[in-house]
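Below: sequence and its predicted model.
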Amino acid sequence: MIEVHSSDDVGCNYTEEQYEQKWVELVNGYLKQISNAFGFKEVTQACDYIWLEDLEGLLDSKKVVAVGECGLDITGRPSSKDFEKQKDILGKQAKIAQQKRLPVVIHCRGNYDTSNECLRCLTDNLPADHHIHRHCFNGSYAEYIKWKIAFPEVKFGISPFLLNEIKYPQFRVLVCKMELRDLLLETDAPYLPGADGSTGSPLLVKDLAEKIANPHNVSTEEVARITTDNAKKLYKIKEL
């Protein structure tokens, strides 16, 4: 199984020296089985547009398979100006992804309106056949269908939210309605904990596959095979 997780975003909280060191370690491809994705998310007015030039350079480095995470996030209650800048930066990153023919990893946190704004930013800047990964998707069935109609190649990341049925009972119902060909397995480790509250780990992909298998009436191995194929096609990964 492939654990799908984009690298930490090119953030504005680093000093220039920390920024350079952090990405030198990643872009040189020291770990052969790890591929990189670079992008901005949760931007504020303090973020300088010059960082987009740095991003374009990073996307030309070794083993880069996507632009992201990038997207919209209102959980920190951004000002209207900050939110407008988020949308502007997202649109610019989408254009870069189109130019470089790279998939986009979307971080979208908020409500249904946030999702609609995010989708509008993408439809304004990307063709309908562009590859998109909705990272840690936990929206509604209506939202799932709306994104599929807009971007038929979109894939939805299923995260450890699925393992916590007490806190997220509606998520299991949603996943049961989704098609396996639309799903990716991801843990967002170490940020999302396991069902028992333990620190998140990429090993949780096995638990996710087992949880998805039963309601879809297939084996765990079949879920692993299908979601791995989905990830390979989305990110154009030829060999593991």
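Okay, I see it.

Near the closest residue to residue 123 other than its chain neighbours, how many other residues are there?
Distances taken as C-beta to C-beta, 6 or more residues apart in numbering put residue 150 closest to residue 123, at 5.6 Å, once the chain neighbours are dropped. (C-beta placed from N, C-alpha, C; glycine too.) Residue 150 has 15 neighbours, counted by other C-beta atoms under 10 Å.

Settle this for me: residue 150 is touching residue 128, isn't it.
Yes - when contacts are counted by C-beta atoms under 8 Å, residue 150 is listed as touching residue 128 (6.8 Å).

just to revisit the earlier point, what's near enough to touch the residue nearest to residue 123?
Residue 150 is in contact with 119, 122-123, 128, counting by C-beta atoms under 8 Å, 6 or more residues apart in numbering.

let's go with 7 Å and repeat that
Shown in contact with residue 150 (C-beta atoms under 7 Å, 6 or more residues apart in numbering): 119, 123, 128.

quick one: which of the residues you listed is most hemmed in?
The residue in the contacts of residue 150 with the most neighbours, by other C-beta under 10 Å, is residue 119 (22 neighbours).

any idea which strand is longest in this structure?
Selection of the longest strand in the chain by residue count, based on DSSP state E, yields strand 64-73.

That one pairs with which strands?
Strand pairing for strand 64-73, using DSSP bridges, gives strand 36-38 (parallel), strand 104-109 (parallel).

I'd like the next helix or strand past that strand.
Sequence order places helix 80-100 as the next helix or strand after strand 64-73, per DSSP states H and E.

What are the buried residues along that following helix?
Buried residues in helix 80-100, counted by 16 or more other C-beta atoms under 10 Å: 82-83, 85-87, 89-94, 96-97.

ok, those vs residue 223, which is closest?
residue 97 (28.3 Å; C-beta to C-beta).

Mind telling me what element the nearest residue to residue 89 once chain neighbours are set aside is part of?
Computed as C-beta to C-beta, 6+ apart, the closest residue to residue 89 that is not its neighbour in sequence is residue 43, at 4.9 Å. Under DSSP H and E, no helix or strand contains residue 43.

contacting residues for residue 43?
Listed by C-beta under 7 Å, 6+ apart, the contact set of residue 43 reads 85-86, 89.

Show me where this structure has its strands.
So, for the chain - with DSSP E - the strands run 36-38, 64-73, 104-109, 132-134, 155-158, 183-185.

Per-residue pLDDT of the residue nearest to residue 123, please?
The score at residue 150 is 98. That number is its pLDDT.

now residue 6
According to the prediction, residue 6 has pLDDT 45.

State the pLDDT value of the residue nearest to residue 89.
71.

do you know how far it is from residue 91?
Separation of residue 43 from residue 91 (C-beta to C-beta, to the nearest Å) stands at 12 Å.

Chain neighbours aside, what residue packs nearest to the residue nearest the centre of the chain?
In the chain, the residue lying closest to the centroid (C-alpha atoms, centre = their mean) is residue 135, at 2.9 Å. Of all residues not flanking residue 135 in the chain, residue 157 sits nearest, at 5.0 Å (C-beta to C-beta, 6+ apart).

so that neighbour touches residue 138, yeah?
No - look at residue 157 against residue 138 with C-beta atoms under 7 Å: they stay out of range, at 9.5 Å.

Please identify which of those two sits among more neighbours.
Shown here are residue 157 and residue 138; by other C-beta under 10 Å, residue 157 has more neighbours (23 against 19).
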